[in-house]
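Q: with the input below, show me the fold.
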Amino acid sequence: MDALRLALRRALAEQNATAQVRLWTWRAASKRNDIEGRAVRKMLKRAKREIAYYRALLTHPRTPRISKWFLGGAIAYFVSPIDLIPDGIPILGQLDDLLVVPSLIYAALAFIPASVKAECRKETANRAAKDL
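A: This is a model prediction of the structure:
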């Protein structure tokens, strides 16, 4: 009878230890997912702010026409299903998107006066502050 009780206690102790390990693992995974979720939300908020900034640049009256063409070309190339190198080619297909779009944006920003950039940044920051 004592052997049966001892075996039962050991089995319960092992089950309890296994449950503890599962709980710790779940808590660690939950914390990691929370941290990753915050990072993704922060990145999406930043992307939304940048899109608003480029929209403000496109609509600003003192933005040069060549910059508007470059920004419009970057948006069109990003959205368009037609690429220089098809996306079906494993690495090069995505690489051309990663090179062409930022290059067009960089070229557009090179022609825009600093005062217009600062004004549009301030405008988008004020709009973002109002949304909070």
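
Q: list the buried ones in the helix or strand hosting residue 106?
A: Residue 106 is part of helix 92-111 when elements are defined by DSSP states H and E. Neighbour-count burial for helix 92-111, with 16 or more other C-beta atoms under 10 Å as criterion, is recorded at 96, 100, 101, 104, 105, 107, 108. Yep, even glycine has a C-beta here, placed from its N, CA and C like the rest.

Q: helix or strand for residue 77, which one?
A: Here residue 77 is assigned to helix 65-79, by DSSP H and E.

Q: who touches that helix?
A: Contact with helix 65-79 is made by 54, 57-58, 83, 97, 100-101, 104-105, 107-109, 111-112, as judged by C-beta atoms under 8 Å, 6 or more residues apart in numbering.

Q: coming back round to it: could you point out which element follows the helix holding residue 106?
A: Counting by DSSP H and E, what follows helix 92-111 is helix 114-131.

Q: what's the spacing between the spatially most central residue of the chain and residue 36?
A: Centrality entry for the chain: nearest residue to the mean C-alpha point is residue 43, 3.9 Å, by C-alpha atoms, centre = their mean. Here the criterion is C-beta to C-beta, to the nearest Å. By it, residue 43 lies 11 Å from residue 36.

Q: got it, and residue 2?
A: To residue 36, residue 2 is 51 Å away according to C-beta to C-beta.

Q: of those two, who's got more company?
A: Legend: neighbour count by other C-beta atoms under 10 Å for residue 2 and residue 36, higher for residue 36 (10 against 6).

Q: helix or strand: which one has that one?
A: Element membership for residue 36 (DSSP H and E) is helix 2-59.
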